[in-house]
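Participant: curious how this folds, go ahead:
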Amino acid sequence: MSSGEKILSVIKEDSEKSIKEIRAEAKSKGESIIEKGRAKADEIRSSAEKKKAEQSEKLTKASKSRVELEKRNLLLRAKRREIDKAVDAVLEYMSGLADKEYFELIYKLASTLGKKEGVVFLSERDLARVPADFEKRLSGAGIKASLSRTPDKSIKTGFLLKNGDIEDNMSFASVIAEKREAIEDLINRELFKG
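Facilitator: Residues are numbered from 1 along each chain as shown. Okay, the predicted model is just below:
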């Protein structure tokens, strides 16, 4: 082997050794990069799964909240309908009382006004069945008033007491509307116990 061949052989060995070292280093760096990439991917996947779980939980809570709200609203609407039916039944009951009980209720309403005077207006139906002692009984209830023989078409039940520009609306519908909140509380307690 000539000296040129020896030099080439040494260079070849050195080159192969360098190539092996470079390959080993590249492989090590590549594995390190791949490992870091895997770790980063796992971190990203874990973070994404956590965010997904959080969003899913939020959506579930929001959905449950909406369902509960809708359920509560449906229940309130059902209660409102039942209360409206009960209030209508009370008004119908009051309107359908026999003449004696009906006018006793009017006298009782009149007594809540205190000492007042004026003209009392009734519906056409009530004018046709008004008791003979109506004005006297009103006076006994504290109302000094004359009875108008002209029916008031704005009311169906109860009465209106007018004194000039001042009007006391004691129609059953008006009295119930004025006392509706208290009536609703009472009905609510009775209909929806427990």
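
Participant: packing partners of the one helix or strand Ala62 maps to?
Facilitator: For Ala62, the host element (DSSP states H and E) is helix 3-95. Counting contacts by 3 or more C-beta pairs under 8 Å, 6 or more residues apart in numbering; DSSP states H and E, helix 3-95 is packed against helix 172-178, helix 180-191. Placement of C-beta: from N, CA and C, glycine included.

Participant: closest to Arg77 out of those helices?
Facilitator: Judged by C-beta to C-beta, the one of those that comes nearest to Arg77 is helix 180-191, at 13.8 Å.

Participant: which of the residues in the closest one are buried?
Facilitator: Buried residues in helix 180-191, counting neighbours by 16 or more other C-beta atoms under 10 Å, are found at 183-184, 187.

Participant: could you check how far the residue nearest in space to the middle of the chain is from Leu59?
Facilitator: Geometric centre of the chain, nearest residue: Asn73, 4.7 Å, by C-alpha atoms, centre = their mean. Distance from Asn73 to Leu59, counting by C-beta to C-beta, to the nearest Å: 21 Å.

Participant: got it, and Ile44?
Facilitator: 22 Å.

Participant: cool, Ser171 as well?
Facilitator: 53 Å.

Participant: only C-alpha atoms, please: export the lowest-mean-pLDDT helix or strand in the chain in CSV.
Facilitator: The weakest-scoring helix or strand in the chain, judged by mean pLDDT, DSSP states H and E, is helix 180-191 (a mean of 75). Extracted in CSV, the C-alpha atoms of helix 180-191 (Å, rounded to 0.1, in the frame of the first residue of the first chain):
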residue,chain,number,x,y,z
ARG,A,180,-106.0,40.9,43.2
GLU,A,181,-102.6,40.6,44.9
ALA,A,182,-104.1,39.6,48.2
ILE,A,183,-106.6,37.3,46.5
GLU,A,184,-103.8,35.7,44.5
ASP,A,185,-101.7,35.1,47.6
LEU,A,186,-104.7,33.5,49.3
ILE,A,187,-105.5,31.4,46.2
ASN,A,188,-101.8,30.5,45.7
ARG,A,189,-101.6,29.2,49.3
GLU,A,190,-104.8,27.2,49.0
LEU,A,191,-104.2,25.8,45.5
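
Participant: tell me the secondary structure for Lys162?
Facilitator: strand (DSSP: H, G, I helix; E, B strand; the rest coil).

Participant: over to Val119?
Facilitator: strand.

Participant: what sits against it?
Facilitator: 145-148, 161-163 (C-beta atoms under 8 Å, 6 or more residues apart in numbering).

Participant: how about a cut-off of 10 Å?
Facilitator: Val119 is in contact with 145-148, 150, 160-164, counting by C-beta atoms under 10 Å, 6 or more residues apart in numbering.

Participant: out of the residues you listed, which comes closest to Val10?
Facilitator: Nearest member of these to Val10, counting by C-beta to C-beta, is Leu160, at 127.8 Å.

Participant: what's across from the closest one in the sheet?
Facilitator: When bridges are called by DSSP bridges, Leu160 pairs up with Phe121, Asn169.

Participant: thanks a lot, catch you later.
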